[in-house]
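Colleague: quick one: sequence and predicted model below, then my questions.
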Amino acid sequence: MNKDIIPVGKIIGLHGIKGEVKVFPYGDLDDFEWSTILITGKGEPLSINVKRARKQRESLIFELEGISTRNDAEVLVGLEISVPKDELPELDEDEYYYFDLVGMEVWTDDGKSLGRIKNVISTGSNDVLEVSGPLGEVLIPALENIVLEVDELNRKVTVKLLEGLLPGETEQ
């Protein structure tokens, strides 16, 4: 996929009978100005205008131009919603989009490599970095006292691990 096209959510279901789709957002998209989206995941991206978008609990409900029945919308379930990278809102200092973090190397403050960020999981209270590496899968809470530094230039994250976070460790 084009690096300038960023997946921002996945169509996870249908809403109602008028062709609305339910979208699971990949992060906080509450302030995003929806106009045109790209439906990706099968063949060439399909550009569709957004007639209306609204939040419903942890999901978004989209009314899309040209999609007016439940049957029309059904074929979109499972596909991703993407937008051009330059349309994403600018973030505050020390804020990152998930796609910026995925692939970064993770090191402990004492120099131990934990691997690379495979995914960022949104839990509601705080995000969790899913790291895959020599120690297996490691889940690291994205909290200020744990994530010490994000070096975008060198694509490196430095963390201070709490006891019990590494596989095989148990708290005493």
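Modeller: Perfect, I can see it now.
Colleague: in three-state terms, label Ile117 for me.
Modeller: strand (DSSP: H, G, I helix; E, B strand; the rest coil).
Colleague: distance check, it against Val157.
Modeller: Distance, Ile117 to Val157, by CB to CB, to the nearest Å: 7 Å. For every residue, glycine as well, the C-beta is placed using N, CA and C.
Colleague: any weak-confidence spans in this structure?
Modeller: Along the chain, the parts satisfying pLDDT under 70 run over 1-3, 165, 167-172.
Colleague: all strands of it, in order?
Modeller: 5-15, 20-25, 36-40, 46-56, 59-64, 80-84, 105-108, 113-122, 127-133, 136-141, 147-151, 156-159 (DSSP state E).
Colleague: just want the angle from the first one to strand 36-40.
Modeller: Strand 5-15 and strand 36-40 are oriented at 90 degrees to each other (axes from the mean of the first three to the mean of the last three CA atoms, to 10 degrees).
Colleague: tell me which residues of strand 5-15 come out buried.
Modeller: Ile6, Pro7, Val8, Gly9, Lys10, Ile11, Gly13, Leu14, His15 (16 or more other CB atoms under 10 Å).
Colleague: which member of those residues is positioned nearest Tyr97?
Modeller: Ile6 (7.4 Å; CB to CB).
Colleague: spit out the residues that contact Ile117 and Val157 alike.
Modeller: Overlap of the contact sets of Ile117 and Val157 (by CB atoms under 8 Å, 6 or more residues apart in numbering) consists of Leu101, Met104, Val106, Leu129.
Colleague: closest one of those to Tyr26?
Modeller: Leu101 (11.4 Å).
Colleague: these two touch, right, Pro84 and Asp4?
Modeller: Yes. With contact defined as CB atoms under 8 Å, Pro84 reaches Asp4; the gap is 5.9 Å.
Colleague: more crowded one of the two?
Modeller: Using other CB atoms under 10 Å as the criterion, Pro84 and Asp4 rank with Pro84 on top: 13 against 10.
Colleague: care to break the chain down by domain?
Modeller: The record's domain parsing of the chain by automatic domain parsing lists 5-86, 98-159.
Colleague: for the residue nearest the centre of the chain, list the residues it contacts.
Modeller: The geometric centre of the chain, computed from its C-alpha atoms, lies nearest to Tyr26 (CA atoms, centre = their mean), at 3.1 Å. Tyr26 sits next to Pro7, Val8, Gly9, Lys10, Tyr98, Phe99, Ser122 when contact means CB under 8 Å, 6+ apart.
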